[in-house]
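Enquirer: sequence isn't available, so here's the structure alone:
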């Protein structure tokens with residue numbers, strides 16, 4: 001396979017010495033992103049204060065993420081993490097016993113369960129959809145989401161096995177029942193096209209440190225414009241206020257749109273990194289990235305099976321992402337042994353996850369699978 005993005009590989013220094021297949025955990029750092037981090041640091045070092053420049057960069061980054069998911073900038077709140085985003089939404093929902101039920105799944109990232117189960121007033125209003133072999137079928141949403149459901153919380157992609165959900169189909173089901181749809185896109189944003197309007201997503205959250213090629217400390221919360229105006233956040237702060245009331249301690253007025261869910265001063269160094277990472281991804285094109293990764297996925301599935309490895313999750317690349325999980329009993333130990341060979345993968349429970357990005361090659365995947373196979377066979 002001819003690598004269509006070979007010219008980009010030089011932007012990622014780690015690729016000269018390592019095989020980086022851990023985008024589901026941490027994307028490789030690109031030179032423009034590193035330079036942006038240095039730019040923020042230099043601004044502080046030389047001038048002592050760069051507040052105005054940093055706030056301008058914050059708005060530019062908001063616009064970039066809005067472009068990535070087909071939203072308007074005022075529909076985006078900049079927050080510290082996806083856990084922060086979910087917690088803020090949870091705290092803003094009205095509670096009525098026996099009504100306003102919350103539905104989430106056992107393929108959500110654990111933080112989702114931690115947050116909803118921590119809402120004491122809602123503990124009797126929670127429904128957990130259980131997967132079958134790591135897959136949730138559409139008919140389960142038909143059954144479990146009822147006309148009493150106020151919010152259905154789902155992951156776009158299951159972090160454990162790469163299973164990808166049909167967001168538009170789920171949106172149709174839950175909206176018919178009167179529920180809002182909240183999508184955790186941490187494992188999809190940056191390599192799978194997302195259009196929140198076409199997919200009819202009400203709320204979406206995503207962080208930057210995985211496929212969006214950034215660093216920890218920043219995440220984005222999308223809230224559909226007409227919905228955001230109806231919500232009154234209990235998790236907010238001075239940056240979540242209308243400009244005129246920012247410094248008025250007695251008469252706070254929520255900012256328009258999703259911005260009302262912002263709190264205090266963000267991690268500006270993460271904002272600078274996110275801007276350049278998003279700029280890079282948008283330059284390559286998310287549809288182009290998805291198309292290339294489908295080729296890598298097909299190769300990974302076929303070659304992994306050829307080497308006798310046990311693949312966990314969907315065997316067809318139509319219902320999965322490029323994240324491929326191999327069953328390994330001592331996954332953490334094997335992850336460490338591969339790291340010693342300069343191969344970065346990510347262990348979760350009893351699987352080794354290989355998650356390439358557009359900068360990876362078929363040869364890198366072949367090498368990683370060969371090494372994994374050798375370790376599994378004790379050679």
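Expert: Nice, I can see it. Quantities reported herein were computed from a predicted structural model and do not represent experimental measurements. Residues are numbered from 1 along each chain as shown.

Enquirer: neighbours of residue 191, how many?
Expert: Number of residues near residue 191 (other CB atoms under 10 Å) recorded here: 28. For the C-beta atoms, the positions are set from N, CA and C on the backbone; glycine is no exception.

Enquirer: let me see the ranges of the strands in the protein.
Expert: With DSSP state E as the criterion, the chain has strands at 19-20, 76-79, 101-105, 126-129, 149-155, 180-184, 203-207, 219-223, 311-312, 324-327, 343-344, 346-348, 351-354.

Enquirer: looking at the ones you listed, spot the one closest to residue 194.
Expert: Among these, strand 203-207 comes nearest to residue 194, with 7.5 Å by CB to CB.

Enquirer: what's the nearest residue to residue 142 if we skip its chain neighbours?
Expert: Of all residues not flanking residue 142 in the chain, residue 173 sits nearest, at 5.7 Å (CB to CB, 6 or more residues apart in numbering).

Enquirer: do the same with residue 179
Expert: residue 149 (4.1 Å).

Enquirer: contacts only, for the residue nearest to residue 142.
Expert: If a contact means CB atoms under 8 Å, 6 or more residues apart in numbering, then residue 173 has 138, 141-142, 145 as its contacts.

Enquirer: which stretches of this structure aren't confidently modelled?
Expert: Where the chain drops to pLDDT under 70, the residues are 1, 97-98, 379.

Enquirer: and residue 221, how far from residue 275?
Expert: 17 Å (CB to CB, to the nearest Å).

Enquirer: same question, residue 220
Expert: Relative to residue 275, and taking CB to CB, residue 220 is found at 12 Å.

Enquirer: how does the chain divide into domains?
Expert: With automatic domain parsing as the criterion, the domains of the chain are listed as 6-28+285-376, 34-282.

Enquirer: got the phi and psi for the most centrally placed residue in the chain?
Expert: With distances taken as CA atoms, centre = their mean, residue 186 lies nearest the centre of the chain, 0.8 Å away. The phi/psi pair for residue 186 (degrees, to the nearest 10) reads phi -60, psi -30.

Enquirer: so who does it touch?
Expert: 82, 109, 155, 159, 205-207, 210.

Enquirer: make it 6 Å
Expert: Contacts here follow CB atoms under 6 Å, 6 or more residues apart in numbering; on that basis residue 186 touches 82, 206-207.
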